[in-house]
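*Asks:* no FASTA, just this:
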Ligand code: AMP
Ligand code: ZN
């Protein structure tokens with residue numbers, strides 16, 4: 001399985017992490033069903049141009065080089081910094097470590113080889129700024145690309161040298177390289193050089209954004225010289241219109257075989273009804289949430305409350321709800337008797353395990369799986385049996401339930417938590433006088449409450 005990873009010119013936001021988390025749930029679900037999964041994710045550290053915002057990934061500036069210029073750092077440092085930030089958040093969300101996290105800049109050779117193969121087979125042409133894939137030579141392209149619809153109304157800078165607006169760059173020349181190749185600079189001419197550029201049979205340049213995923217996924221999962229069809233390829237829903245059709249076209253044109261069996265596209269996370277994106281100010285990172293005292297795993301919980309094919313509108317109220325539910329779950333478990341390690345045959349609750357399995361295997365129906373979890377928690381089974389099943393579910397859910405008391409709030413004694421819930425209930429009913437009395441009780445027990453918007457923070461005095 002291959003998942004399209006981040007472009008490392010900025011922090012990944014919680015919308016991006018919805019995609020990675022749901023891909024992680026698929027990896028875990030496959031493993032839960034007994035499959036062994038070889039999982040690859042890429043890091044785009046070169047070649048993703050800003051024109052992609054307006055529907056054309058071949059125009060504009062390289063996002064990483066642009067950021068480097070803006071910050072007075074090297075492009076390599078920018079990529080390194082944000083790759084590290086990404087892997088830290090990745091761990092915080094308890095995402096399954098891929099077999100390899102592969103960087104585009106470490107696989108330039110593979111990408112050049114793939115472009116060469118396409119050239120040999122007659123699928124490419126050159127313009128003054130790069131080598132392009134000729135979509136007219138791959139008639140099936142129209143069947144799976146919805147790019148024409150996407151482009152309608154979008155402000156796309158027309159590249160007059162492209163034979164067809166849907167053609168896309170496989171290799172881009174470093175600025176001016178194409179037209180000035182072999183020519184001496186004129187007097188006073190400054191040739192702007194890129195920081196990241198490589199020699200290629202077509203001159204100095206860098207790979208187009210799409211080619212890395214084809215080259216690396218086939219290198220690691222397709223048996224190098226593409227001999228196998230890859231089982232699963234995942235990414236956010238925006239990739240279904242451009243990036244993935246382009247991957248299919250260039251991979252299948254080169255190999256003559258189906259590229260991927262199953263595509264998984266995760267619907268977007270929105271904020272206030274609008275797309276959450278790196279380029280707009282309306283995005284939050286995992287660290288932003290931590291600064292507000294949320295645990296990253298509460299975000300996991302929040303993701304699971306909506307099916308991955310449906311858009312999810314982020315609000316702090318819903319995240320607060322997810323955090324409270326996760327805390328309640330931990331608290332509940334902390335009261336249960338541990339299943340005895342020494343016991344020969346551990347008993348879970350087969351009935352709920354069956355329902356859980358059906359839910360996850362039904363196109364990753366996580367809202368249903370979470371409902372089954374709570375049914376189990378509230379059931380009359382012995383707590384040791386419930387724990388047994390719950391820890392099994394956690395192989396898919398990834399809440400780290402076996403690790404007790406990780407969140408600050410969960411260290412609050414059960415009695416205090418009950419009072420906090422009682423007070424919340426009273427506040428919901430607008431019985432503020434009674435709510436204040438409960439707050440006073442909580443205070444006597446040594447805890448203070450601070451209301452922030454719709455959420456309450458509990459601290460030991
Ligand atoms: P990028 O770093 O922009 O290349 O995006 C990385 C991944 O996140 C891609 O799979 C995108 O489709 C996905 N993505 C971007 N924005 C969102 C969002 N708001 N919600 C969910 N996934 C997203
Ligand atoms: Zn990709």
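*Replies:* Here it is on my side, so go on. These numbers were taken from a predicted model, which means no experiment stands behind them. Ligands and ions are numbered 1, 2, ... in the order given.
*Asks:* give me every residue that touches residue 392.
*Replies:* For residue 392, the contacting residues are 348, 353, by CB atoms under 8 Å, 6 or more residues apart in numbering. Using the backbone N, CA and C atoms, a C-beta is placed for each residue, glycine as well.
*Asks:* next, give phi and psi for the closest residue to residue 284 other than its chain neighbours.
*Replies:* Nearest residue to residue 284, sequence neighbours excluded (CB to CB, 6 or more residues apart in numbering): residue 14, at 5.3 Å. The phi and psi values for residue 14, taken as degrees, to the nearest 10, are phi -70, psi -10.
*Asks:* distance of residue 14 from residue 319?
*Replies:* Computed as CB to CB, to the nearest Å, the residue 14 to residue 319 distance reads 9 Å.
*Asks:* with residue 76 instead?
*Replies:* Distance from residue 76 to residue 319, by CB to CB: 35 Å.
*Asks:* how about the residues of this protein by ligand 1?
*Replies:* When proximity is defined as CB under 6 Å from any ligand atom, the chain approaches ligand 1 at 4, 6-7, 15-16, 18-19, 44, 235-236, 238-239, 266, 268-269, 275-278.
*Asks:* mind doing that once more with 8 Å?
*Replies:* 3-8, 12-13, 15-20, 44, 48, 234-239, 243, 266-270, 275-278, 283, 312 (CB under 8 Å from any ligand atom).
*Asks:* mind listing which of these are in strands?
*Replies:* 3, 234-236, 266, 269-270, 275, 312 (DSSP state E).
*Asks:* which members of those are classed as buried?
*Replies:* 3, 234-236, 266, 269-270, 312 (16 or more other CB atoms under 10 Å).
*Asks:* quick one: which of the residues you listed is nearest residue 134?
*Replies:* residue 235 (24.3 Å; CB to CB).
*Asks:* OK, contacts around the closest one?
*Replies:* 3-4, 19, 243-244, 264-266.
*Asks:* go on, residue 414?
*Replies:* 331, 334-335.
*Asks:* so which of those residues is the closest to residue 306?
*Replies:* Nearest to residue 306 among the contacts of residue 414, counting by CB to CB, is residue 331 at 24.4 Å.
*Asks:* what packs against the helix or strand hosting that closest one?
*Replies:* Take DSSP states H and E as the rule and residue 331 turns out to sit in helix 316-334. Counting contacts by 3 or more CB pairs under 8 Å, 6 or more residues apart in numbering; DSSP states H and E, helix 316-334 packs against helix 296-304, helix 366-378, helix 414-428, strand 455-460.
*Asks:* buried ones in the helix or strand following it?
*Replies:* Moving toward the C-terminus from helix 316-334, the next helix or strand (DSSP H and E) is helix 350-361. Going by neighbour count (16+ other CB under 10 Å), the buried part of helix 350-361 is 352-353, 355-357, 359-360.
*Asks:* pLDDT added to those residues, as JSON lines?
*Replies:* Putting these into JSON lines (pLDDT from 0 to 100) gives the following:
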{"residue": "352", "pLDDT": "97"}
{"residue": "353", "pLDDT": "97"}
{"residue": "355", "pLDDT": "98"}
{"residue": "356", "pLDDT": "98"}
{"residue": "357", "pLDDT": "98"}
{"residue": "359", "pLDDT": "98"}
{"residue": "360", "pLDDT": "98"}
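*Asks:* and the pLDDT for residue 289?
*Replies:* In the predicted model, residue 289 carries a pLDDT score of 95.
*Asks:* cool, and residue 283?
*Replies:* Confidence score, pLDDT, at residue 283: 89.
*Asks:* can you get me a residue count around it?
*Replies:* 21 (other CB atoms under 10 Å).
*Asks:* wait, it sits on residue 14?
*Replies:* Yes. Between residue 283 and residue 14 a contact is recorded at 7.4 Å, counting by CB atoms under 8 Å.
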